[in-house]
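> let me see the structure of the following:
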Amino acid sequence: MPYHQRTIRSRLKTRPLDQSLERAVAIGGRYGADSRKFTATLNGFVKLANSFQVRPTFPVPAMVLQKHPQVLETVAGNGRFAELAVHGFAHLDYTRVPDIRAEKHIRKAKAVFHRHGYRRFGFRFPYLRRNSALLAELEKQALIWDSSEVVEWDVLERSEFSTGAWDAYKRILETYAPRPASGFRSLPYFIGSMVEIPVSMPDDDVLIDRMKIRSSGRLFAVWGRMLLEARSRGEMMVVQLHPERFFLYREALQRLLAKMRELGNVWTASLGEIAEWWRERDRIRLEFTSLSTDGTEIRCLGSVRAGLSLNGGRPDRDVEFKALRSDPRDGLRWKVSGRIKPWIGVSPKIPESDESIRFMIRHGFIFERNLTGSGFAGAVSTEPGSAAAAIRILKQHPERFLRLDAWPGGKRCAVSVTGDIDGLDIWDFWSRFDAR
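Down below sits the predicted model:
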């Protein structure tokens, strides 16, 4: 079946015929015959974000960058005002085209970005649809990050919506195959050498076009709940807002940005900055030195922005934990005193690939290689079941263990504002179908 037919069938599964026709009309109203209308909208988005010291990330198809390089480079300010990322070569569902064509498009997109002076950039798949072969091609092409994984935050009340609106929500989510936030930490993770940065749902497309929410108060309420949930969990909210709808969510976005500022302790970063931090964090190494007095000194190598936390930063009656004044060039230092060491002792014989090691690294729990394993809050030895027991206690009582902070500078959570630019004029929407 030709790609056009497969695409139409796929889109009708996520957006019924009446909504598809409504979408076509909306596109005509939100874009013009040239780029001037959309450029004004995009400038408004960037100006609002920048007024709150937020630098948004805009994934854009390479063929759109190729057609409108000056417009996009001016809006982004050579990276000072906004960050550009790859959104495919064309805005196609790459899971529905032959692998050889998808791979060709990824290579072509990379070449276009290089030709226009971009050297380090990430990727987001159109329609947030990808598969293992596509991810492998991104890694092969040395892309820095991808942001196509979807996390669904449980912030919508079924009783507040009509059956039609709720069905539309569930229909589109099925195509994203999201991970529920209730069982998944919204944090970056590595796919090989590439950083995957999950995007948060529901976004503006879901709420505005599919569920017909127009009230800025209701939009802010949803995204505000996501922000508070991410902050309470110390995780990340990647809010996706397509610039074409800026006039519909402008007030809600302004309130969200103001709420972030009011809360404080929120790290606002572009997706590229998050990926760079996650790489820096992965290079961190900790050295443990037993002191002549009761206690241990921990020295951090590999980052001057790292932090360690115990019990969510609250006092612990059994452990004294404090940062030491030191020259960051020689490594950040902390002192831990108490009856037991609040981290995991790991036998030197346990390989780095062991499930327990990978779990601790993923969740920021620190561990020390130790021959005896005594004096620690938990231990992983070569005994059968030891690793499983350690993971179990880490899950049940995470507050008892020292952890590497997820975010730099002691920030409680991270927020990234992103928005896919599918095109700058009406013709960009139709030209995608002729992309070879």
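
> looking at the chain, which helix or strand is least sure?
When the helices and strands of the chain are scored by mean pLDDT, DSSP states H and E, helix 3-14 comes last with a mean of 50.

> number of nearby residues for the closest residue to Phe376 other than its chain neighbours?
Nearest non-adjacent residue to Phe376, counting by Cβ to Cβ, 6 or more residues apart in numbering: Gly345, 3.7 Å away. To be clear about C-beta, it is placed using only N, CA and C from the backbone, and glycine gets the same treatment. Per other Cβ atoms under 10 Å, the neighbour tally for Gly345 reads 22.

> for Ile274, same thing?
25.

> do the same with Arg158
What Arg158 shows, counting by other Cβ under 10 Å, is a neighbour count of 8.

> what's the nearest residue to it if we skip its chain neighbours?
Per Cβ to Cβ, 6+ apart, closest to Arg158 is Trp166, 6.1 Å.

> for the helix or strand the one you found falls within, C-alpha coordinates in CSV please.
According to DSSP states H and E, Trp166 maps onto helix 163-176. Extracted in CSV, the C-alpha atoms of helix 163-176 (Å, rounded to 0.1, in the frame of the first residue of the first chain):
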residue,chain,number,x,y,z
THR,A,163,-17.2,10.5,26.0
GLY,A,164,-16.1,11.9,22.6
ALA,A,165,-13.3,14.0,24.1
TRP,A,166,-12.0,11.2,26.2
ASP,A,167,-12.1,8.7,23.3
ALA,A,168,-10.1,11.2,21.2
TYR,A,169,-7.5,11.4,24.0
LYS,A,170,-7.2,7.7,24.4
ARG,A,171,-7.1,7.1,20.6
ILE,A,172,-4.1,9.4,20.0
LEU,A,173,-2.3,8.0,23.1
GLU,A,174,-2.5,4.5,21.7
THR,A,175,-0.3,5.6,18.8
TYR,A,176,2.4,6.9,21.1
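
> same for it, what does it pack against?
Applying 3 or more Cβ pairs under 8 Å, 6 or more residues apart in numbering; DSSP states H and E, one finds that helix 163-176 makes contact with helix 3-14, strand 150-152.

> following it, which helix or strand comes up?
strand 179-180.

> quick one: mean pLDDT for that next one?
On average, the pLDDT along strand 179-180 is 96.

> for that strand, packing partners?
Strand 179-180 packs on strand 150-152, going by 3+ Cβ pairs under 8 Å, 6+ apart.

> which stretches in the stretch 301-436 of the chain count as strands?
Ranges of strands within the stretch 301-436 of the chain are 308-309, 319-324, 332-338, 341-346, 367-369, 376-380, 403-404, 413-418, based on DSSP state E, counting those that start in this stretch.

> closest to Phe45 out of the ones you listed?
strand 413-418 (8.9 Å; Cβ to Cβ).

> for the closest one, packing partners?
strand 57-60, helix 216-233, strand 236-240, helix 246-263, strand 266-268, helix 271-282.

> got the angle for that strand vs helix 271-282?
Put simply, strand 413-418 runs at 150 degrees to helix 271-282, going by axes from the mean of the first three to the mean of the last three Cα atoms, to 10 degrees.

> secondary structure class for the residue with the largest distance to the centre of the chain?
Distance from the centre of the chain peaks at Ser292, with 43.5 Å (Cα atoms, centre = their mean). Here Ser292 is recorded as coil under DSSP: H, G, I helix; E, B strand; the rest coil.

> any idea of the pLDDT on it?
So, for Ser292, pLDDT stands at 72.

> backbone dihedrals for it, please?
The phi/psi pair for Ser292 (degrees, to the nearest 10) reads phi -60, psi -30.

> swap in Arg283?
According to degrees, to the nearest 10, Arg283 has phi -90, psi -10.

> pull the number of nearby residues for it.
9.
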